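J.: Sharing a model prediction with you, sequence too.
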Amino acid sequence: MKHIDIKSLIIGALLTSTIILGVGATSKADAGKWDFKQMWDIRTTPLGREIDRSTISWEPFATTPKGQILWRKRIK
């Protein structure tokens with residue numbers, strides 16, 4: 001009788017669940033509904049130092065060659 005390797009079973013299950021969740025993450029109703037008029041407030045801080053975040057909505061999204069972090073917050 002053949003034995004199933006437990007590691008292969010776990011890897012297969014994780015890969016299958018990733019594919020299923022990735023395909024099911026969007027719906028056809030969301031296609032083409034990107035808001036091209038959105039606006040962002042952008043700030044920079046030196047690398048290794050966070051922005052004064054009085055609100056939770058600031059997020060880091062890039063770094064510059066000068067060693068700065070770019071933070072953004074959607075305002076519209």
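T.: Alright, I've got the coordinates.
J.: what about the residue lying closest to Phe61 once chain neighbours are set aside, neighbour count?
T.: With C-beta to C-beta, 6 or more residues apart in numbering as the criterion, Phe61 has its nearest non-adjacent residue at 5.2 Å, and that residue is Arg72. Bear in mind the C-beta positions are built from the backbone N, C-alpha and C, glycine included. Arg72 has 15 neighbouring residues, counting by other C-beta atoms under 10 Å.
J.: Return the set of buried residues in whatever helix or strand Ile19 lives in.
T.: Using DSSP states H and E, the element containing Ile19 is helix 6-23. Within helix 6-23, no residue is scored as buried using 16 or more other C-beta atoms under 10 Å.
J.: average pLDDT across that helix?
T.: Per-residue pLDDT over helix 6-23 has a mean of 89.
J.: Next: stretch 64-76.
T.: 86.
J.: Where do the strands of this protein begin and end?
T.: 40-46, 59-63, 68-74 (DSSP state E).
J.: List the neighbouring strands of the last one plus their orientation.
T.: Sheet partners assigned to strand 68-74 using DSSP bridges are listed as strand 40-46 (antiparallel), strand 59-63 (antiparallel).
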